[in-house]
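> based on what follows, work out the 3D shape:
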Amino acid sequence: MRLNRYLAASGFGSRRACEQLILDGKVSINGHFIRELATSVGEEDDVRVRGKQALPPKATTVIALHKPKGFLCTKSDEKGRRTVFELLPPPLRRLNYIGRLDLDSEGLLLLTDDGVLAQALTHPSRKVDKEYLVTLDKALPEDAIPKLLKGFHIEGGKARMESVRPVGPRLVKVVLRQGIKRQIREMFFRVGLEVKRLIRTRIANVNLESMRPGEWRPLQKREIASLQPAATIAK
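Okay, here's the model as predicted:
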C-alpha cells in the first residue's frame, strides 16, 4: 500500500495532508525517515508520524448490492419507507453507500467502510464512469444525442452525458461522470422524453452482472484494487 494511503487510512488526515507530512520529514518507517511519496508499506513495517505509531489500517470492506426499485438510499426514513439497509445482514448495516440511486431507480450500489474510498469515488474531479440502461417512453431521436452530449443547465448545475448509445427501440445505454440529483431523468425530460425504467449497470470497473434485485456480494480483492486508481483524490 502506498504510504500516503496507509497514513490516511490510519487516521492522519487526507491523502494530501499525509503527503505533506512525508515531504516535511515527519514520517519514519522502521526507524528511517522517509521523504519519497512513492514509498510502499507492508503489514510488518513500523510506521510512525512524529514518533506516534501509525497502526495498520483494517482491511477495506466493499460490497455490491442490486438495489431494487422502491428502496431508499438512507439509514432510516421518517416516513417508514424501505431502505437498502434492510436488504443487508446486521453486520453490514454499518457500511456507507457510495453515491445514491433515487427511489424509482435500480441497479448497482456500492457500500463500504472506507471513507477515503467513498469520498474519492464521488469526487467530481475523479470523473468515475457510471453506466446506466435507460428505458424511454419512445425512441430516442438522433438529433437529441448531440444535445445530451453537449449538456445544459438543470437544477443542480451544468449536466452532460459522456456517451449515449441506443441499444434497442426504446432502450439507451448512458455513461455519466457526474452525480447531479435525478440527472438522467431531467436531461431526457428536457429533450421531450420520459424515463420509464433506470438501471445502473456499472461503476468504474465493477459490473452488476447477473445479480438479482435485492442480492448483494462482497467485492473481490482484485475488484477493490481496480477501484483504487479511480479513487486517487485530486490534488
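
> the helices in this protein, which residues?
Along the chain, counting by DSSP state H, helices occupy 3-9, 15-23, 115-122, 144-150, 183-190, 221-230.

> what number of residues lie near the closest residue to residue 72 other than its chain neighbours?
Nearest residue to residue 72, sequence neighbours excluded (CB to CB, 6 or more residues apart in numbering): residue 83, at 4.9 Å. The way it works is simple: take the backbone N, C-alpha and C, and place the C-beta from them, glycine included. Residues lying near residue 83 (other CB atoms under 10 Å) number 16.

> before we move on, back to that, out of the helices of the chain, deepest packed?
Comparing the helices of the chain by mean neighbour count (mean count of other CB atoms under 10 Å), helix 3-9 comes out on top with a mean of 23.

> thinking again about what came up before, which one of the helices of the chain lies nearest to residue 41?
helix 3-9 (4.5 Å; CB to CB).

> same for the lowest-mean-pLDDT helix or strand in the chain, what does it pack against?
Every helix and strand of the chain was ranked by mean pLDDT, DSSP states H and E. The lowest is helix 221-230, at a mean of 79. Here helix 221-230 touches strand 62-67, helix 115-122, strand 206-207, going by 3 or more CB pairs under 8 Å, 6 or more residues apart in numbering; DSSP states H and E.

> helices and strands around the longest strand seen in the chain, which ones?
Looking across the chain with DSSP state E, the single longest strand is strand 195-203. Judged by 3+ CB pairs under 8 Å, 6+ apart, strand 195-203 is in contact with strand 106-112, strand 130-136, helix 183-190.

> can you get me the start-to-end distance on stretch 78-87?
This stretch, stretch 78-87, spans 18 Å end to end (CA to CA, to the nearest Å).

> pLDDT of it, averaged?
For stretch 78-87, mean pLDDT rounds to 94.

> list the buried residues in it.
83, 84, 85, 87 (16 or more other CB atoms under 10 Å).

> and those residues, which is closest to residue 11?
Residue 11 has its nearest neighbour among those in residue 85, at 25.3 Å by CB to CB.

> quick one: contacts for residue 203?
For residue 203, the contact set (CB atoms under 8 Å, 6 or more residues apart in numbering) comprises 98, 99, 108, 110, 121, 128, 129, 130, 131.

> beta partners of it?
Beta-bridge partners recorded for residue 203 (DSSP bridges): residue 130, residue 206.

> and the most far-flung residue of the chain relative to its centre, what does it touch?
In the chain, residue 31 marks the outermost C-alpha relative to the chain mean, sitting 36.7 Å out by CA atoms, centre = their mean. Counting by CB under 8 Å, 6+ apart, residue 31 makes contact with residue 46.

> for it, give its distance to residue 120.
Separation of residue 31 from residue 120 (CB to CB, to the nearest Å) stands at 31 Å.

> picking that back up, using CSV, please lay out the helices and strands packed on strand 195-203 together with mean pLDDT.
As requested, those are arranged in CSV below (pLDDT from 0 to 100):
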stretch, mean pLDDT
strand 106-112, 97
strand 130-136, 98
helix 183-190, 97
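
> of these, which is nearest residue 214?
It's strand 106-112; of those, that one is closest to residue 214 (CB to CB) at 10.3 Å.

> over to residue 151: give its phi and psi.
Dihedral pair for residue 151: phi 90, psi 170, per degrees, to the nearest 10.

> quick one, what contacts residue 115?
With CB under 8 Å, 6+ apart, residue 115 has these contacts: residue 96.

> what's the spacing between it and residue 13?
Noted for residue 115: a distance of 12 Å to residue 13, by CB to CB.

> having no further points to raise, I will conclude here.
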